[in-house]
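Q: Starting from these lines, generate the structure:
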Amino acid sequence: MTLIASTLNYKRPFLLGDLLISSRGATKSIQFPTNTIDVTQYLDTNTSLAVDLYQKVYIINKNVAIALAGVVTEMTEFLKEFTIRCSYYDPIDEVAIRKFIEEYDYATKFKKSSFFILLMKPEGNMISVKQFWSPKELWKTTKSEIFEEVYACGTGKDDFLHHTKEQQQFDASSDKGDILRAIAANLGFIAKLLAIERVSLHTIKKNWGGGFETICFDGNSFIKIDEIAYVINYAQFDGDGNLDLPFPQLIQYYKYYKDTLFIVAIEVTKWGRFENETEIVLTSNDCRVDVFPVPRLDLPVGSVIELPPNFSFLTHRLGLGYALITKDNKIFAPSLFMESNNMKVTYEDRKYVELIIDKKMSDLMRSKAKEVYPNI
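A: Numbers count the residues shown, from 1 in each chain. Predicted coordinates:
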């Protein structure tokens, strides 16, 4: 059970994949980066439960990337064979990819799985986007003013597409077709999904989520975006739609090390708070820290995952998700992505975490939330 997706972003394509791997034989769910509690009690144990976290989106070479969903053994074999085939070409072209797709033995090797492949093809001074996905009947697509075209597959596809259509307002300093706009839209959207998962387990109950990877094309090659802190904030509206400063309950830092994704999940119980005219500074040493290694599917059996020297970090790259709760327990989940010197997260391994928030941004978010409060 899974979610893989692609957004076109006016010729700035992204691949997105969740991390959850589930099994019908499981009796207990694993812990997730979004929640420290045992979530099994909130799930239907007669269906699939999460048993592991794995990467599902991959950069094959500078102009080819792939997302996979389905059965682990089928996905792994497809990934290995496709990687080998692509290594024969420099660069691989549309004809070679179509040949691989047409020749692959789906009947015996890919019966319960799916893929989405992106090929970036130079054409003079332009780069065209070529997309390949299969099986066609498992994919759904929709149009979006923010994301242009959205493709999704897996148990989470309907919810994912609903949220992309639901997100009507998006403010950006760059124009459509700009890579910075595409990054802000997609990473902000992931922050929204993580906030919803944190407070409701909505994604987990439908066997998708657990975290999300992204791949984008930066104009020269595909890259996986990391060194980002997703900050999940919680607040409750009063009867008039006012909000206090939302409480940052959870910080998730994504970083790749030796091909393994490490998620440092910092759950904060209490913050110390200082404000000046331009920023809000929150500091805490009252927190729980968990580290989640997320390996590649094709990691050789018996391999040992190498850990980084420590898990300290400093990043100005923040995805902020908000779970804002009304008096009748409805969830409003605005989100944004910022990479600015005015905001940062600093974590000193096992010692403290500090979050600096731009005060003007925080005030603006609360003001806009109050405007939409009557319609939630």
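Q: Without its sequence neighbours, what residue ends up closest to Tyr373?
A: Gly241 (3.1 Å; Cβ to Cβ, 6 or more residues apart in numbering). Every residue, glycine included, has its C-beta placed from N, CA and C.
Q: what's the answer for Asn276, then?
A: Closest to Asn276 by Cβ to Cβ, 6+ apart is Lys359, at 7.9 Å.
Q: give me every residue that touches the one you found.
A: With contacts defined as Cβ atoms under 8 Å, 6 or more residues apart in numbering, the neighbours of Lys359 are 275-280.
Q: Now do the helices for the stretch 101-250 of the chain: every range, in order, please.
A: 106-109, 157-166, 179-200, 202-205 (DSSP state H, counting those that start in this stretch).
Q: Burial check on the residue nearest to Tyr257 when sequence neighbours are not counted, number of neighbours?
A: If the residues on either side of it in the chain are set aside, Tyr257 comes closest to Pro308, at 4.5 Å by Cβ to Cβ, 6+ apart. Around Pro308 there are 15 other residues, counting by other Cβ atoms under 10 Å.
Q: swap in Tyr88?
A: 9.
Q: what residues are up against it?
A: Counted by Cβ under 8 Å, 6+ apart, Tyr88 has contacts Ala96.
Q: pLDDT value on it, please?
A: If you check Tyr88, the pLDDT there is 93.
Q: So it: helix, strand or coil?
A: Three-state call for Tyr88 (DSSP: H, G, I helix; E, B strand; the rest coil): coil.
Q: so the residue most central in space within the chain bridges to which residues?
A: Per Cα atoms, centre = their mean, the C-alpha nearest to the average position across the chain is that of Phe212, at 2.7 Å. Listed by DSSP bridges, the beta-bridge partners for Phe212 are Asp18.
Q: Please tell me how far it sits from Ile225.
A: Noted for Phe212: a distance of 10 Å to Ile225, by Cβ to Cβ, to the nearest Å.
Q: Equivalent analysis for Tyr234, please.
A: 25 Å.
Q: And for Tyr54?
A: From Tyr54 across to Ile225, the span is 18 Å (Cβ to Cβ).
Q: And Asn342, its phi and psi?
A: phi -80, psi -10 (degrees, to the nearest 10).
Q: That one is in contact with Glu279, isn't it?
A: Yes. With contact defined as Cβ atoms under 8 Å, Asn342 reaches Glu279; the gap is 6.7 Å.
Q: joint contacts of these two?
A: 356, 358.
Q: what residues go with each domain of the protein?
A: Split into domains by automatic domain parsing, the chain comes to 3-224, 228-375.
Q: Below-threshold pLDDT in the protein: ranges please.
A: Residue ranges of the chain with pLDDT under 70: 1, 167-168.
Q: run the last query once more with 80
A: Residue ranges of the chain with pLDDT under 80: 1, 122-126, 167-174.
Q: circling back: give me whichever of the domains of the chain is most buried.
A: Neighbour counts (mean count of other Cβ atoms under 10 Å) averaged over each of the domains of the chain peak at domain 3-224, with a mean of 18.
Q: so how far does it reach from one end to the other?
A: Terminal residues of domain 3-224 lie 17 Å apart, using Cα to Cα, to the nearest Å.
Q: got the contact list for stretch 136-154?
A: 1-10, 18, 69, 114, 116, 131, 133, 157-158, 160-161, 164-165, 167-168, 170, 176, 185-186, 189, 208.
Q: Which residue ranges of the stretch 1-150 of the chain form strands?
A: For the stretch 1-150 of the chain, the strands defined by DSSP state E, counting those that start in this stretch cover 3-7, 14-18, 20-23, 49-53, 57-61, 64-69, 114-123, 126-134, 139-144, 148-154.
Q: Make JSON lines from those strands and add distance to Ile101 to it.
A: Shown next, in JSON lines, are the strands of the stretch 1-150 of the chain (distance: least, Cβ to Cβ, whole Å):
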{"stretch": "strand 3-7", "distance to Ile101": "16"}
{"stretch": "strand 14-18", "distance to Ile101": "17"}
{"stretch": "strand 20-23", "distance to Ile101": "24"}
{"stretch": "strand 49-53", "distance to Ile101": "28"}
{"stretch": "strand 57-61", "distance to Ile101": "14"}
{"stretch": "strand 64-69", "distance to Ile101": "11"}
{"stretch": "strand 114-123", "distance to Ile101": "8"}
{"stretch": "strand 126-134", "distance to Ile101": "6"}
{"stretch": "strand 139-144", "distance to Ile101": "14"}
{"stretch": "strand 148-154", "distance to Ile101": "16"}
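Q: So for Val291, which of these sits nearest?
A: Val291 lies closest, by Cβ to Cβ, to one member of the strands of the stretch 1-150 of the chain: strand 49-53, at 11.8 Å.
Q: What is the closest one packed up against?
A: strand 20-23 (3 or more Cβ pairs under 8 Å, 6 or more residues apart in numbering; DSSP states H and E).
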